[in-house]
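1. predicted model, plus sequence, below.
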Amino acid sequence: VAYTRPSEHLFLSYTLSNADEQALLPSIAVRRIKHLFPQLQEGNYNELPLEMEVGGNDTLAHLAVELRRRDSGEEIEPYWEELKTQYEILPEYADNLHRVMSGLYFKAGPKPLSKESIASLFKQNLYSSVSRLEAFNSCPLAYFAGYSLKLRKRAEYKLTPPDLGQLFHAVMENVCREITEQNILWQDITEEKAAEIVSRHTEALMPDFLGNILNSGARFAYLQERFILTLTNALMIMARQMAKGEFRQLGWEITFGVDKVLPTFDIALPNGCVLKLSGCIDRLDAAVKDDKVWLRVIDYKSGNKDLKIQDVYNGLSLQLLVYLQVAMLHSKKLGLQEEPHAAGGFYFTFKDNFEKIPYNDDLHDPFEVKMKGLAVEDMEAVKLADMNISGKSTVIPVTIKKDGSFGANTSAVTEEELQLLQKHLINMLIKSAEELYQGVVTAVPDKNGACSYCDFKSFCGFDYDFAPGKEAAESLKKADILKKIREEIANNDD
């Protein structure tokens, strides 16, 4: 019956393939029509005249998709531009076309803040932290919502990974203090000794932790047991790493900021203000060789965190290098007499692996528990971290080849390259501070998952399909990034 309804033309269409690009046969109805009218000639849909394509909101929606592909740099068929022109001259599609085009060029996020709002948020100097500025570089709107508006998710009586991270830091601070004050040798720490120390300090902190949540039921008691096991594993791994080298703890939970152990890390800004950074160094290790002092910074992480030069370049991972610079700058206040040399910055990862880690090298792959981060390409500093290094280090991300040179899997830079990175991170911090003073609050997240765990994605309106986001420099090699940094620093000096 449908074949008899058209008054002038009848158009029949069918798809040639499915979503998996597998060939499909036309409907039996098409075959019957072709049998009745053997002189009919088939043509591709794309070859139909424009006046046959214009019509209906489905085609209009398809047009929007194609125009988005064009704006993303992809090539589209020329007739889609002509089709857009056809829709523009048809008054019945004016409203729908306007809505489609408005959504096509939609930009999420508010406009920059007014001068009055900026003045109310930031006084003469800008007090912040490295982690906050990393958050700003990841997405300005998330920074504004979290740190300026101080928006928070509704508090729930439950245990979260950040809560466990705070407890880990508190327990490890007390554990490290006891080991240092009692002159306990790292190589003398057995699994039984580690479990006893960790259990004692964990139980001492329980009453003040989240309203004593870990003692509020059988499930939380089980989590407490798992937590103690995780920390025992972490302490044993730490003891093994320390016993394999000459580095020893110089300090732990070293705070810097207003009225802290060390003063704020100050950076002069072009507008005459000062960026004053605060933070906390989880652990600072020192080693001495031939009257030469080496320092390394250790940061505790529960996730699979690594220090990538690409992230330093994009301002997304500045914390370790800033903390290392703070420690070098205030070494005398930390008890060192000689001018220290940087040995690197590393992440010590603690994980709940659901089972005990065997500490016998014959049973367990030691490469799974090495620290990640960035070392300094100096053989003396490397051997102070791993005295018996042969091939891959079991302590730091360094590989030594048979000829004594550094292998391709080494995550390290020379002292000169480290200085370049530190100059670049200062420039990145200045740039971030300037944008804060300019009131930048746009939703421009990086493409490394900034939106995945964001608490504010429900109202920011950002959509990667309608906005480019920030491109990361992941495709660049270390040499290319360092070359770009040298060029940028040279241009700034000019």
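-> Perfect, thanks for sending it.
2. and the helices in the stretch 51-200 of the chain?
-> 57-71, 79-88, 94-104, 115-121, 130-138, 140-143, 161-181, 191-205 (DSSP state H, counting those that start in this stretch).
3. now swap in the stretch 301-450 of the chain and tell me
-> Counting by DSSP H, counting those that start in this stretch, residue ranges of the helices within the stretch 301-450 of the chain are 309-313, 319-329, 379-385, 415-437.
4. out of those helices, which is closest to K402?
-> helix 379-385 (14.1 Å; Cβ to Cβ). Just so you know, the C-beta spots here come from the backbone N, C-alpha and C atoms, and that holds for glycine as well.
5. quick one on the thing from earlier: select, out of the helices of the stretch 301-450 of the chain, the one closest to E191.
-> Distances from E191 to each of the helices of the stretch 301-450 of the chain were compared using Cβ to Cβ; the shortest belongs to helix 379-385, at 23.3 Å.
6. where does pLDDT dip in the stretch 101-250 of the chain?
-> For the stretch 101-250 of the chain, the stretches flagged by pLDDT under 70 are 105-110, 156-161, 209-217.
7. tilt between the strand or helix carrying A479 and helix 415-437?
-> Element membership of A479, judged by DSSP states H and E, is helix 478-493. Here helix 478-493 points in a direction 60 degrees away from that of helix 415-437 (axes from the mean of the first three to the mean of the last three Cα atoms, to 10 degrees).
8. could you give the average pLDDT over helix 478-493?
-> The predicted model assigns helix 478-493 a mean pLDDT of 86.
9. could I get it in CSV with only the CA atoms?
-> Listed next in CSV are the C-alpha coordinates belonging to helix 478-493 (Å, rounded to 0.1, in the frame of the first residue of the first chain):
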residue,chain,number,x,y,z
LYS,A,478,62.1,13.5,26.1
ALA,A,479,64.7,15.1,23.7
ASP,A,480,61.9,16.9,21.8
ILE,A,481,60.3,18.3,25.0
LEU,A,482,63.7,19.4,26.4
LYS,A,483,64.4,21.1,23.1
LYS,A,484,61.1,23.0,23.3
ILE,A,485,61.8,24.0,26.9
ARG,A,486,65.2,25.4,25.9
GLU,A,487,63.7,27.4,23.1
GLU,A,488,60.9,28.8,25.3
ILE,A,489,63.4,29.8,28.0
ALA,A,490,65.7,31.4,25.4
ASN,A,491,62.7,33.4,24.1
ASN,A,492,61.7,34.5,27.6
ASP,A,493,65.2,35.7,28.3
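10. return the most buried member of the helices of the stretch 51-200 of the chain.
-> The densest packing among the helices of the stretch 51-200 of the chain, expressed as mean neighbour count by mean count of other Cβ atoms under 10 Å, is seen in helix 140-143 with a mean of 23.
11. tell me how far that helix lies from the chain's centre.
-> Offset of helix 140-143 from its chain centre (Cα atoms, centre = their mean, to the nearest Å): 14 Å.
12. could I get the average pLDDT for stretch 12-28?
-> In this model, stretch 12-28 carries a mean pLDDT of 74.
13. centre of the chain to that stretch, how far?
-> Distance, stretch centre to chain centre, for stretch 12-28: 43 Å (Cα atoms, centre = their mean).
14. restricting to C-alpha, output it in PDB.
-> Backbone C-alpha positions of stretch 12-28 (Å, rounded to 0.1, in the frame of the first residue of the first chain) are rendered in PDB as follows:
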ATOM      1  CA  LEU A  12      13.400   3.400  -2.000                       C
ATOM      2  CA  SER A  13      16.600   3.100   0.000                       C
ATOM      3  CA  TYR A  14      18.500   0.300   1.800                       C
ATOM      4  CA  THR A  15      21.700   0.000   3.700                       C
ATOM      5  CA  LEU A  16      24.600  -1.900   2.200                       C
ATOM      6  CA  SER A  17      26.300  -2.900   5.400                       C
ATOM      7  CA  ASN A  18      25.700  -3.000   9.200                       C
ATOM      8  CA  ALA A  19      27.600  -1.200  12.000                       C
ATOM      9  CA  ASP A  20      30.400  -3.900  11.800                       C
ATOM     10  CA  GLU A  21      30.800  -3.200   8.000                       C
ATOM     11  CA  GLN A  22      29.400  -6.600   7.100                       C
ATOM     12  CA  ALA A  23      27.500  -6.700   3.800                       C
ATOM     13  CA  LEU A  24      23.700  -6.800   4.000                       C
ATOM     14  CA  LEU A  25      21.200  -8.000   1.400                       C
ATOM     15  CA  PRO A  26      18.400  -5.600   0.400                       C
ATOM     16  CA  SER A  27      14.900  -6.200   1.500                       C
ATOM     17  CA  ILE A  28      12.700  -8.600  -0.500                       C
END
